[in-house]
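Asker: Provided below for reference: sequence and predicted model.
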2 protein chains.
Amino acid sequence: MSALPQSLHVELAALLGDAWCTDPSERLAYAFDNSRRESLPDAVALPTTREQVIALIRACRAHRVPLVARGRGTNTTGATVPVAGGVVVSFERMNRILDIRPGDRCAVVEPGVLNGDLQAVLQPHALFWPPDPTSAAFSTVGGNLACNAGGPRAVKYGASRDNVLALTAVTGAGELIECGTATTKGATGYDLHRLLVGSEGTLALIVEASLRLTPAPASRRALRAIYRDVSSAAQAVARLMAQPVTPSMLEFMDAHAVRLARDVGGADLPADAGALLMIEADGDAETLPHDIEALARAAEGDGLVSLDDAADDAARAKLWAARKALSPSLRTLAPGKINEDVVVPVSRIPALVDGVQALAREFDLPIVCFGHAGNGNLHVNLMYDPADAAQSERARAAMARVFALAVSLGGTLSGEHGIGLAKRDFMPQAVTPPTLALMRQLKVVFDPDGILNPGKLLPP
Amino acid sequence: MSALPQSLHVELAALLGDAWCTDPSERLAYAFDNSRRESLPDAVALPTTREQVIALIRACRAHRVPLVARGRGTNTTGATVPVAGGVVVSFERMNRILDIRPGDRCAVVEPGVLNGDLQAVLQPHALFWPPDPTSAAFSTVGGNLACNAGGPRAVKYGASRDNVLALTAVTGAGELIECGTATTKGATGYDLHRLLVGSEGTLALIVEASLRLTPAPASRRALRAIYRDVSSAAQAVARLMAQPVTPSMLEFMDAHAVRLARDVGGADLPADAGALLMIEADGDAETLPHDIEALARAAEGDGLVSLDDAADDAARAKLWAARKALSPSLRTLAPGKINEDVVVPVSRIPALVDGVQALAREFDLPIVCFGHAGNGNLHVNLMYDPADAAQSERARAAMARVFALAVSLGGTLSGEHGIGLAKRDFMPQAVTPPTLALMRQLKVVFDPDGILNPGKLLPP
């Protein structure tokens, strides 16, 4: 049985009909997300209209019952786990693509549309929506916006926040607000829609999004650059980012990652590889050779061991194999991993990687770094055995130090995964007390009774 | 004599020394901005440090005295006119460039740095800061950020809000807040720095900005496309924006503007020109011919009268002469003008221009449209004689209808000039009541006593 007040249950059952679930077996599917945390909601709502969302929020507010918005739960931070019970609002049935206007470079969608489905519909128009998280095939646009999802392409095309024009949302007060305008320029009042992006469902629930689209490049080409050490690779990243041809991806692997990809993943990599960059350019077939040449020139420099050009798609796939071989290989180091995605200014990547390796030695745990070097956004994978209490404790302590390190280098806790539950208690390390106090006050304006995703993003 | 409380005057004179001016002749220079509105402040503060800004705000808050932040007053909306008296805070002495980090594509500056001075310092690094308002040579970075300034390049590189990584600011409560991180990606709490951009000094005063830089293109080339009518030109704009080569400028002139440039400005333009597009591409000299070819292909289509390619800088300057001849020519139509910068989705440009011409007939006043077509951001110039009361009244009434028209087409009041005093009372046309109510509540969070730039942006 659900723990909701009976009168609320009756009201919402009448409002939502078969879109209101209180059966425990149905609720179970909405208890967890990709963080592997779990907490059973008291009910699940599957609204199909914004009017239902408004009525739902107003009813829950009247009873002070928490509401946790959810796309497909692919986030890794626990942001959609209903830790305080209440109602999970799944947007899976609000999944219509409402309008595509190629001349305006704009798509209007409901929040439950899958990122991958949107891309497929955009393909005939030779347009795409830039955010490309690993989960793209099965994560929703609403979830991408809630977490400010990025991906490798962000180095050239930006993350979710950079690719949204306007949002319609319902605040925790049950008010429908229209934020932004579906134009690529605007100077009319306060910028509310970018404030909602990345707010993890704690301020308002998005019911419609006008997305900024980008013309799809006709071709891609990739380079694989192997360096003697991390410092040489990081200097190459700085050179690559200081010249005019912005790569469409610029991915980094440290020595551990390279060794794993080679020894466990079977990737074709030399023994003296101390770091690796995957550099991709996209554009017109005619100009791409010139762009690749400019990138190759920037990749060259002290410490370069080899530079391979993948002239066709097959060769490109082979180069990417080194990166793809990586994630499965990690499990051979230890059964458990904490994967965080700190971000630092590009020039501080060597200091971050060196500092992380010092922590690996200090805490006697393998740490493998790879990720989106062009944004300074590295995935720091801390490997440990969850069955070993001492190791687990050391892993948590080491990760806290990784966060402190990133902040000390002018960076912050998360580049693209967000805060959720996982990093909530580290917020005071990254955000000053008056700034955090202001964030709390903003939360109260949008959500006066604190019913939207309580316990997430802001520390208690 | 200043109307400030004597105790405040004594306190601030001691705090600021010669950076505290109450002499009427000195104050006069800070009474107006480019809106030609005027109101004398009670005092002018010229702080040199953030600590002074904090102390200044706290002291003024204690006495409920208004503070109006100011760069160089180039805005056109009255945003820096101290209509409620109080203290003008001019950032002209906080004009240091604190750091330039090419590998991070980042510059850290104080708010009083001139946009043009920053560009000059960036040039040897082959980097630039994209916002390029007409005032760039003599407007400040802080002012650009406060107004979310754009310019022609915004079509490719974005406006001010798209080109800032982090801001340090002092709220109306006198709290120093640090918003954002100097990294190109971030998912750590609420996005406060983009909220401050475009808030016109009503939420907080910016004391330091980390700007996002872009590698400078090596070359530019321009096309001038002349069309039979506005509809043909607008269709070309949609085609240009739907293909992968984004122009670095895409400027539009309607038939009135073309006629003025030709007949009054002496520009070399054919008699049957009904609309004109200036299309510019930038990039590497090797790939630029290909990009220009792609843009020329997209410019071609029904209604194209002529397409001229400016192969070198001299030819490019000649093509731009048509646009430059325009502004001075406007004065021949009438001595007064209201120049507003509404924005609509690109596909609605023809409907906007048609609607504006219908209003010109209805109100019997010439209206000339030109501007940044790639963003749907048109400058609508309503010409009238300010000495003629009836004409002035008709001009104001017509402009109100232009705003209503832009909003009805899915656009909004301002693309890049902002709201200030000039468009404040039109905000309820563009922003729904609950959204406006939320903006007011946000204002209270940042500025509990309403001392920052009172009377601007939000209607009373």
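Answerer: Perfect, thanks for sending it. What you see is a predicted model; the values in this text were computed from it and never measured.

Asker: can you list the weak-confidence ranges in the stretch 51-200 of chain A?
Answerer: Scanning the stretch 51-200 of chain A for pLDDT under 70 picks out nothing.

Asker: Quick check: the residue of the stretch 1-150 of chain A nearest chain B.
Answerer: residue A:103 (3.0 Å; Cβ to the nearest Cβ). For the C-beta atoms, the positions are set from N, CA and C on the backbone; glycine is no exception.

Asker: list the contacts for that residue?
Answerer: Residues counted as contacts of residue A:103 (Cβ atoms under 8 Å, 6 or more residues apart in numbering or on different chains) are B:237, B:238, B:239, B:241, B:242, B:346, B:347.

Asker: Can you flag the buried ones in the residues you listed?
Answerer: Buried members of the contacts of residue A:103, counted by 16 or more other Cβ atoms under 10 Å in any protein chain shown: B:237, B:238, B:239, B:241, B:242, B:346, B:347.

Asker: now, among the residues you listed, which is nearest to residue A:263?
Answerer: residue B:242 (47.6 Å; Cβ to Cβ).

Asker: I'd say that closest one and residue A:104 touch.
Answerer: No: with contact defined as Cβ atoms under 8 Å, residue B:242 does not reach residue A:104; the gap is 9.0 Å.

Asker: any idea how far the longest helix along chain A is from the chain center?
Answerer: Across chain A, the longest stretch assigned as helix under DSSP state H is helix A:389-408. Using Cα atoms, centre = their mean, to the nearest Å, the distance from the centre of helix A:389-408 to the centre of the chain it belongs to is 21 Å.

Asker: give the contact list for residue A:282.
Answerer: Here residue A:282 is in contact with A:156, A:217, A:219, A:220, A:221, A:248, A:288 (Cβ under 8 Å, 6+ apart).

Asker: List phi and psi for the last one.
Answerer: Right, residue A:288. phi -60, psi -40 (degrees, to the nearest 10).

Asker: what's the burial count for it?
Answerer: Number of residues near residue A:288 (other Cβ atoms under 10 Å in any protein chain shown) recorded here: 18.

Asker: what's the answer for the fourth one, then?
Answerer: The number of residues packed around residue A:220, counting by other Cβ under 10 Å, is 17.

Asker: okay if I get the contacts of residue A:282 as CSV plus secondary structure?
Answerer: As requested, these are exported to CSV (DSSP: H, G, I helix; E, B strand; the rest coil):
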residue, secondary structure
A:156, helix
A:217, coil
A:219, strand
A:220, strand
A:221, strand
A:248, coil
A:288, helix
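
Asker: Strands of the stretch 1-150 of chain A, residue ranges please.
Answerer: For the stretch 1-150 of chain A, strands defined by DSSP state E, counting those that start in this stretch occupy the ranges A:20-21, A:43-45, A:67-70, A:87-90, A:97-101, A:106-109, A:127-128.

Asker: who does the second one touch, helix- and strand-wise?
Answerer: Right, strand A:43-45. helix A:6-16, strand A:20-21, helix A:24-28, strand A:87-90 (3 or more Cβ pairs under 8 Å, 6 or more residues apart in numbering or on different chains; DSSP states H and E).

Asker: Only the buried residues of stretch A:118-136, if you could.
Answerer: Here stretch A:118-136 shows A:118-119, A:122, A:125, A:127-133, A:135-136 as buried, counting by 16+ other Cβ under 10 Å.

Asker: show me the contacts for residue A:198.
Answerer: By Cβ under 8 Å, 6+ apart, residue A:198 lies in contact with A:145, A:146, A:147, A:148, A:160, A:161, A:418, B:187, B:189, B:190, B:191.

Asker: Would you map out the domains in chain A?
Answerer: A:6-90, A:97-215, A:219-328 (automatic domain parsing).

Asker: Just name the most buried of these.
Answerer: Among those, domain A:97-215 has the highest mean neighbour count (mean count of other Cβ atoms under 10 Å in any protein chain shown), at a mean of 23.

Asker: So residue A:278, which state does it fall into?
Answerer: strand.

Asker: hang on, it packs against residue A:224?
Answerer: Yes: with contact defined as Cβ under 8 Å, residue A:278 reaches residue A:224; the gap is 5.9 Å.

Asker: What are the contacting residues of stretch A:385-392?
Answerer: A:334, A:335, A:336, A:365, A:384.

Asker: How about the first one, nearest residue that isn't a chain neighbour?
Answerer: Spatial nearest neighbour of residue A:334, chain neighbours left out: residue A:383 (3.8 Å); criterion: Cβ to Cβ, 6 or more residues apart in numbering or on different chains.

Asker: Assess the claim that the one you found and residue A:368 are in contact.
Answerer: Yes: using Cβ under 8 Å, residue A:383 is in contact with residue A:368, at 6.9 Å.

Asker: where do the contact lists of the two overlap?
Answerer: Joint contacts of residue A:383 and residue A:368 (Cβ under 8 Å, 6+ apart) are A:330, A:333.

Asker: Between these two, tell me which one has more neighbours.
Answerer: Under the criterion of other Cβ under 10 Å, the comparison of residue A:383 against residue A:368 puts residue A:368 first, with 26 against 22.

Asker: Perfect, I'm done here.
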